[in-house]
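Undergrad: All I have is the shape, not the residue letters:
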């Protein structure tokens, strides 16, 4: 026994302490509980990893039976294998850094203890999600992180936009979760179990149609949680939450849960090639689509949000190409550089007193040098410049995409160029040129810069973590052949993106505006995110709302249910109005009723044979 | 011989008494008379209880008759008290004029 349950238990304890008593405690106490619990978790992860003697089979700990119904049994089981180990390290490691950062970022905010309580609760559910050894425990974590995401997006609940964004995230995720739960029901029907070991062991014996249906439904869940087309719309809005939340939940960990889930179910997808193909297609489409939108955004967090959607698309592309380890590798490096991008953006926003618009930044390179240099590290990492982390993982994905279908590789390369362009566009706009705002920029405190520096080192060197080699025994994917020219093309695309951004925003500042003018309607389309929100609103939300109003509310609720209830009431009343006339106050009439009743009863008994 | 008077005679008498009570209840307006009609009905029933009790040589009929007498006594006590109160308040004993207790 490794006592794996302690890993999520620490943040849960932190949540309980801070949530129940945090209001009356000092900030340093809240800090110590929140960060300390995550640190303990990290330590326990390391201890558990060292304690594992063999990685050949998953180390599963079964604590108690949760649900028992006939032969169907669901236990509260936690498991540890190579994939879980990677996820645990990312979640606790990056999570810990972001907790430290939050001390500085949230220092002046109200609801300080509430923020850290929610963050710890999120850590609990996220660790439960990755540690789960069956789909139902995973689903608990899955729903829990969704809840925490909702709570933290709407953290500033006095802002209408924040609560709306929280609702949107929750409702859109609900659609995905519905798919996930249907997939689980189908598994119960066809496998009779939700345990990973049982399900994966029996996968080969199932008809392909059933497996494809399960995989497609799981994919619906994954598109919701991991913000893929068509359910990606909630993630950009989720930037209403505090920036550390965007970094932890909406960039590094929670949104990768879908990637993790698909990779976890790789045995099922191996028997459902059509579903796996769809994973790749959705990933690629999302990567391109979100990258294009990201080109034209002016809110620094929105740029990075669309970048997250796009990079998650890359991960799905990797999974779809059968390169699970590449997808997970990109998940890891992405956690580093995207968390860094968001934390750096948070540092900029902090420096400017809440300003998020790139058009009112500029020249911050000299005023916030630490933020600038760390963000630059993230920039070169995400742009895929060798030898930094993004280069290694992205090329692993692109290589396997090439071997899967060459056109996917080329689309991926173009996306890679766009990625480099929009990230460096944001960096150039924020850090170079003249300062265009009217705040007083100041460098962030050391408690925020230290996590930035740590993440910068990870972003630069994270590509040398042997994640694919580590995961190879688990996934057993075939080795994608090495082709140096493919690597150089991808790198060139990244450099071209950076160069183009340099040309547009530094050397020829007027060029961007001229380009925008010449693009005309196309730019408007991209700037407004292809009007996807408006289309969803018109096609899905409004018909649903007005339909619910007309049919469900006015028709079923007010008409049928209220009508039945009120109808029974008023009919009883009307009947009573008639019957009350019997009580006339005339005693002899009462006597007549009694006599009539007796006669009737005697006659009745006589007729029915009671008097034999 | 005691059998000289057949059972049916008692029963006919009992029915006649009961019907007289019912008729009195229906057609008299004075509440005291109505009250007496009720007593007549009760005693008509008592008569048939006793007749059956004797006919079948069983004691349960006597016991029932005693119960009816006890109830009748209680009813007389309560009923007369009510009648007195009504008369004090309304100065009438005509049931057709005591009809305000209604819907």
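TA: Sure thing, it's come through. On a predicted model such as this, the values are computed, not experimentally measured, just so you know.
Undergrad: Which stretches in chain B count as helices?
TA: In chain B, the segments counted as helices under DSSP state H are B:7-27, B:31-56, B:60-90.
Undergrad: In the stretch 351-500 of chain A, what residue comes closest to chain B?
TA: Closest residue of the stretch 351-500 of chain A to chain B, CB to the nearest CB: residue A:354 (72.0 Å). Every residue, glycine included, has its C-beta placed from N, CA and C.
Undergrad: I'd like to know which of the helices of chain B is closest to residue A:321.
TA: Distances from residue A:321 to each of the helices of chain B were compared using CB to CB; the shortest belongs to helix B:60-90, at 97.2 Å.
Undergrad: is chain A contacted by the closest one?
TA: No: legend: contact between helix B:60-90 and chain A by CB under 8 Å from any CB of the partner chain is lacking; minimum distance shown is 11.5 Å.
Undergrad: can you put the helices of chain B in JSON lines and add mean neighbour count, mean pLDDT and distance to residue A:171?
TA: Converted to JSON lines, the helices of chain B look like this (neighbours: other CB atoms under 10 Å in any protein chain shown; pLDDT from 0 to 100; distance: least, CB to CB, whole Å):
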{"stretch": "helix B:7-27", "mean neighbour count": "15", "mean pLDDT": "93", "distance to residue A:171": "74"}
{"stretch": "helix B:31-56", "mean neighbour count": "18", "mean pLDDT": "92", "distance to residue A:171": "74"}
{"stretch": "helix B:60-90", "mean neighbour count": "13", "mean pLDDT": "93", "distance to residue A:171": "70"}
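Undergrad: Columns distance to residue A:529 on top of the ones you listed, output as CSV?
TA: CSV is the format used below for the helices of chain B (distance: least, CB to CB, whole Å):
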stretch, distance to residue A:529
helix B:7-27, 90
helix B:31-56, 91
helix B:60-90, 86
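Undergrad: of all the ones you listed, which lies closest to residue A:344?
TA: helix B:60-90 (94.8 Å).
Undergrad: tell me, how many neighbours does residue 29 end up with?
TA: Chain wasn't specified; assuming chain A. Residue neighbour count, defined by other CB atoms under 10 Å in any protein chain shown, stands at 15 for residue A:29.
Undergrad: wait, I meant chain B there
TA: One way to gauge burial is a neighbour count; for residue B:29, by other CB under 10 Å, it gives 15.
Undergrad: got a list of what it touches?
TA: Residues touching residue B:29, when contacts are defined by CB atoms under 8 Å, 6 or more residues apart in numbering or on different chains, comprise B:94, B:95, B:96.
Undergrad: Would you mind listing which of those residues are buried?
TA: Among those, those scoring as buried are residue B:95 (criterion: 16 or more other CB atoms under 10 Å in any protein chain shown).
Undergrad: May I ask which helix or strand encompasses the closest residue to chain B within chain A?
TA: Nearest to chain B in chain A, going by CB to the nearest CB, is residue A:585, at a distance of 3.3 Å. Using DSSP states H and E, residue A:585 sits within no helix or strand.
Undergrad: which regions of chain A sit below the pLDDT cut-off?
TA: Counting by pLDDT under 70, chain A shows low-confidence ranges at A:477-481, A:610-612.
Undergrad: Let me know the secondary structure of the residue sitting nearest the centre point of it.
TA: Computing the C-alpha centroid of chain A and ranking residues by CA atoms, centre = their mean puts residue A:255 first, at 3.2 Å. The three-state label given to residue A:255 by DSSP: H, G, I helix; E, B strand; the rest coil is helix.
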